[in-house]
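fold the following and give me the result.
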Amino acid sequence: VGTSNNLKNGTFGASSNFTINDPAGFKSDRPYGNLTLDHISGTATATTDMTVNGELNVNGGAKLSTSYNLTVYGDFSIPSGSGLTYDGTGKTTIAYGDYYLAGSTTYSGTGERMIELRGQAKYLQQGNFNLSGGYASFYIAPGASYTINSSIQIRSAGRFIIDGTLTSGSGAYIGGGTSTTFQLNSGATLKISHPSGIVTAGAYGMVQTVFRIFDPGARYEYITYTTQSTGDALPTNLSGNLTISNISGVTLTNSITTSGNVTVSGVLKMGGKTISGSGSFTLNSGASFYIDSPDGISSSGATGNIQTNTRSFHASAHYYYTGSAAQVTGTGLPALLYGSLYIQNSSGVTLSQNSELRILSLTGRLHMGDYNLTLSPNSSVSGEASVSNMIVQNGAGRLTLRFSEAEQPQVAIGDYSAGTYRYSLFSLYVR
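I've put the predicted structure just below:
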């Protein structure tokens, strides 16, 4: 503890740890392990390129100034009340840990200071800053992954470039005016929490810079716990992967053609759109899928909401039919469904194949047509039973109830004849 100047004739190893409380004794050409600048006045000024092999902390109102390259292998922290001044056009700061700048940062000089982030599962925070000729750009390197929980602002001709992974916390965004650019490259990953997703223009969405580049070969994941739309900047011709992890619901803004993989582990609402192309669509166990195409979901062919080359609809997923016009379930609905089937269409939904259900919710009519419907033992049929919410036997299909002696099933069932629906509540008691 003290000044590295006091040990100028000593031997410094890469793990030497210092707390410096006198900026006059700071030497940037020394190898440091963990370095803490803890002086209450004055500025520690780097006069060479500088490497910190551990953490760099600028505490207690201390200030650090550098016009050279800076590499920090641990966390880089400048809390509120402390300060950092960057100078040196074309110079780079490389950080392998958290990059936490809550204090005041000044960018002087005449050009760009690149902040290159190489850590994994780390955090990025940029607090207040001043431009005095220079500006900052951020680069997330391949294999690196950073999360922002508060908004990042870039200015002037600043850039935010991603070849690794960037995750946004709820409501956090990348913003900036003048000539700022956000660039998501092929192979990079963007994990999106903003309710508006990503948009091509305007002061909303996860990215709010002037110029916005979203490569079709990047990976996009929607991850928050509030409802989202994908946004109109999600490429409509994807070669990268799209993942829906949001359990509160993501609605497609545009139809998508993909040669990559679309995976749903959360809740996907189609919003009248389609997903097509040579790629694949996978609906995982426990996921929910809101279907509004009149053709439902098909196991193959160019009909229904999903028209990809490969399609997988899990039997333990939950299926919501929400169209405004009459729908068919489609051949993609699993014939033996362990998950739930929700009929939420006042115009009615018709079976496309023989089906066995365990959980059925009716806020509309389910027409059997010429297909058989089986309700499994211990099945649940919910909804306010009425002529508008019932199972309709309107063809050659038969309704089968499989139940145990302990059950007392009740099913709203009716028929359709000569333009008229007839309804009754069927109850069965075993004594």
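
test my guess that residue 304 contacts residue 293.
Yes. Under the criterion of CB atoms under 8 Å, residue 304 lies in contact with residue 293, with a separation of 5.0 Å. Any C-beta I mention is one placed from the backbone N, CA and C, and that applies to glycine too.

any residues in contact with both of the two?
With contacts defined as CB atoms under 8 Å, 6 or more residues apart in numbering, the residues adjacent to both residue 304 and residue 293 are 274, 330.

higher neighbour count, those two?
Neighbours were tallied for residue 304 and for residue 293 using other CB atoms under 10 Å; the higher tally belongs to residue 304 (27 against 22).

list the contacts of the more buried one.
Listed by CB under 8 Å, 6+ apart, the contact partners of residue 304 are 274, 291, 293, 295-298, 330, 332.

let's see it at 6 Å
Contacts were defined as CB atoms under 6 Å, 6 or more residues apart in numbering; by that measure residue 304 touches 293, 295-298, 330.

and if you look at residue 281?
Residues in contact with residue 281, defined by CB under 6 Å, 6+ apart, are 262, 275, 306, 308, 311.

please name the nearest non-neighbouring residue to the third one.
If the residues on either side of it in the chain are set aside, residue 306 comes closest to residue 281, at 5.0 Å by CB to CB, 6 or more residues apart in numbering.

ditto for the second one
In space, and not counting its chain neighbours, residue 275 is closest to residue 256: 5.0 Å by CB to CB, 6+ apart.

was I right to think the one you found contacts residue 274?
No. Contact between residue 256 and residue 274 fails when scored by CB atoms under 6 Å: they sit 7.7 Å apart.

of those two, which one has the most company?
More crowded of residue 256 and residue 274, by other CB under 10 Å: residue 256, with 23 against 19.

which helix or strand contains residue 234?
When elements are assigned from DSSP states H and E, residue 234 belongs to no helix and no strand.

with residue 337 instead?
Residue 337 belongs to strand 336-343 when assigned by DSSP H and E.

strands paired with that strand, and their directions?
As defined by DSSP bridges, the strand partners of strand 336-343 come to strand 318-321 (parallel), strand 355-362 (parallel).

contacting residues for residue 146?
Residue 146 is in contact with 117, 122, 124, 140, 166, counting by CB under 6 Å, 6+ apart.

so what sits opposite it in the bridge?
On the basis of DSSP bridges, residue 146 takes part in beta bridges with residue 122, residue 166.

what about it, distance to residue 99?
To residue 99, residue 146 is 8 Å away according to CB to CB, to the nearest Å.

list residues touching both of those two?
Both residue 146 and residue 99 are contacted by residue 124, under the criterion CB under 6 Å, 6+ apart.

burial measure for the nearest residue to residue 26 once chain neighbours are set aside, as a count.
In space, not counting the residues next to it along the chain, residue 26 is nearest to residue 44; the distance is 3.9 Å by CB to CB, 6+ apart. For residue 44, the neighbour count with other CB under 10 Å is 21.

over to residue 24: give its phi and psi.
Per-residue torsions, residue 24: phi -70, psi -20 (degrees, to the nearest 10).

kindly report the same for residue 425.
Torsion angles at residue 425 (phi, psi; degrees, to the nearest 10) stand at phi -100, psi 110.

and it, what pLDDT?
pLDDT, residue 425: 79.

which ones are touching it?
Shown here is residue 425, whose contacts under the criterion CB under 6 Å, 6+ apart are 385, 412.

can you check residue 35 too?
18, 52, 56.

now pLDDT, neighbour count and distance to residue 40 too, for these, in CSV please.
What follows is the contacts of residue 35, written out as CSV (pLDDT from 0 to 100; neighbours: other CB atoms under 10 Å; distance: CB to CB, whole Å):
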residue, pLDDT, neighbour count, distance to residue 40
18, 90, 23, 17
52, 96, 23, 21
56, 96, 25, 18
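
give me the subset of those lying in strands.
Judged by DSSP state E, the subset of those located in strands is 18, 52, 56.

any idea which of those residues is closest to residue 110?
Lowest distance from residue 110 to those (CB to CB) belongs to residue 56, with 25.5 Å.

I am finished for the moment; much appreciated.
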